[in-house]
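Q: need a structure here:
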Amino acid sequence: IRIALWKFVNADVPTKSSLYDKCIASNPICPRCHIDVENVNHVFRFCVFLRDVWVALEYTTPMHGTQMSFHEWLSWMFDTYIKIKHIEINTTLWAFWFARNRLVHEGTNQGVRELVVFVRSYYQLTALASRALRASSNAIVRWYPPPRDFIKVNVDAGFQLGQKKTSSVVVIRDENGQSLEACSRITYPVLSMFATEAIALTHGLRFAYELGFLSMILEGDSKSVIEKIRSDMENVTTCFSVVLEIVILKSLNPINFFITELKREKKPFLSMAVLASSNSRL
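A: Next up is the predicted model:
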């Protein structure tokens, strides 16, 4: 949307007027209202159809607005309305251009109500995502060292739904915070995010065991998976693979094993990739 807005402000979009000036279009008339010349101002402000959308979204028109350039009008809009409304204004402009292109290239004519619903829905979704990103950017992992003679195995996972593939990262550290070993692994097919987190814990457990560590704390950030594993230690169900791995390893050697949830605090973000970058093997 930002790129599109930059193009709108600089009149760097193929309106009928600009195409007509380049002898590409046969006429400069707006393909929607068939009344006026289609330039940037007309596409986003003056077309009768689009004026109804602005009214439905409860935006007003400045006095002497007809004498303003598009850039001046947009500056007035940003100065007049609070910052949180700027996203909706930008979304509306982008939606206008998208609807215009659908009309020109596909013959699809979107109505006023349809555009208003789209703009409001997209705006609400963007605002929700923005709040979630701000919250997650402040909430970060604080790493606590394991007890003496224990190692801590941190795991993280990513899930690609379309490819049904998961990638997991494992980092092992001692009580001094020294990175001892690290690895990454790709697994497929995987059908859910829950299974992804469970598989990552399994990989971390197996990786630490194969390196000869028998006293460990396995730590991940999926609360639901960890709680399920704890409950399933007595009743093996959903997290069968992780629980089975624990049972098998305990039967082979007496391991001291704990599983904990990674706590998040209001701190600057430190990713697993950073944790794995120091003295690690990937």
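Q: which residues of this structure fall in strands?
A: Ranges of strands in the chain, per DSSP state E, are 139-141, 151-160, 165-173, 179-187, 215-220, 256-261, 264-266.
Q: give me every residue that touches residue 120.
A: 57, 88 (Cβ atoms under 8 Å, 6 or more residues apart in numbering). To be clear about C-beta, it is placed using only N, CA and C from the backbone, and glycine gets the same treatment.
Q: chain center to the biggest helix by length in the chain: distance?
A: Secondary structure of the chain per DSSP state H: the longest helix is helix 112-138. From the chain centre to the centre of helix 112-138 is a distance of 12 Å (Cα atoms, centre = their mean, to the nearest Å).
Q: what do you get for stretch 42-59?
A: 31 Å.
Q: how long is it end to end?
A: Distance across stretch 42-59, first residue to last, is 17 Å (Cα to Cα, to the nearest Å).
Q: pLDDT of it, averaged?
A: Stretch 42-59 shows a mean pLDDT of 90.
Q: also stretch 151-169?
A: Computed over stretch 151-169, the average pLDDT equals 86.
Q: got the buried residues for the longest helix of the chain?
A: 115, 116, 118, 119, 122, 123 (16 or more other Cβ atoms under 10 Å).
Q: measure the last one to residue 91 for me?
A: Counting by Cβ to Cβ, to the nearest Å, the gap between residue 123 and residue 91 amounts to 5 Å.
Q: sketch out the low-pLDDT regions of this structure for me.
A: Counting by pLDDT under 70, the chain contains low-confidence ranges at 131-141, 224, 228-259, 261-282.
Q: repeat the analysis, applying 80 as the threshold.
A: The model of the chain has pLDDT under 80 over residues 63, 65, 124-142, 161-162, 188, 190-195, 221-282.
Q: pretty sure residue 127 sits against residue 86.
A: No - if you go by Cβ atoms under 8 Å, residue 127 and residue 86 don't touch, sitting 11.2 Å apart.
Q: if I look at residue 109, how far off is residue 47?
A: Using Cβ to Cβ, we find residue 109 at a distance of 13 Å from residue 47.
Q: what do the two both touch?
A: residue 32.
Q: these two - which one has more neighbours?
A: residue 47 (21 against 12; other Cβ atoms under 10 Å).
Q: identify the residue spatially nearest to the more buried one, adjacent ones excluded.
A: Among residues not flanking residue 47 along the chain, residue 33 sits closest, at 5.3 Å (Cβ to Cβ, 6 or more residues apart in numbering).
Q: who's in contact with the one you found?
A: With Cβ under 8 Å, 6+ apart, residue 33 has these contacts: 47, 48, 49.
Q: neighbours of the second one, how many?
A: Right, the one you point to is residue 48. Other residues within reach of residue 48, judged by other Cβ under 10 Å, total 11.
Q: now swap in residue 187 and tell me
A: Neighbours of residue 187 (other Cβ under 10 Å): 17.
Q: pull the contacting residues for it.
A: Applying Cβ under 8 Å, 6+ apart, we find residue 187 in contact with 165, 166, 167, 168, 199, 203.
Q: now neighbour count and distance to residue 193 too, for those residues, in TSV please.
A: As requested, these are exported to TSV (neighbours: other Cβ atoms under 10 Å; distance: Cβ to Cβ, whole Å):
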residue	neighbour count	distance to residue 193
165	15	12
166	25	9
167	18	13
168	25	12
199	23	11
203	23	16
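Q: tell me the contacts of the nearest residue to residue 146 once chain neighbours are set aside?
A: Spatial nearest neighbour of residue 146, chain neighbours left out: residue 152 (4.2 Å); criterion: Cβ to Cβ, 6+ apart. Each residue near residue 152 by Cβ under 8 Å, 6+ apart is listed here: 143, 145, 146, 172, 173, 174, 216, 217, 219.
Q: from residue 201, how far out is residue 152?
A: 13 Å.
Q: same question, residue 14
A: For residue 14, the distance to residue 201 - Cβ to Cβ - is 53 Å.
Q: ok, the two, which is more surrounded?
A: Of the pair residue 14 and residue 201, residue 201 is the one with more neighbours under other Cβ under 10 Å, namely 27 against 13.
Q: does the more buried one really touch residue 155, like I thought?
A: Yes - with contact defined as Cβ under 8 Å, residue 201 reaches residue 155; the gap is 5.6 Å.
Q: need the contact partners of stretch 81-96.
A: Counting by Cβ under 8 Å, 6+ apart, 1-2, 4-5, 8, 43-44, 50, 53-54, 57, 59, 74, 77-78, 115, 118-120, 122-123, 126-127, 130 sit against stretch 81-96.
Q: great, nothing more from me.
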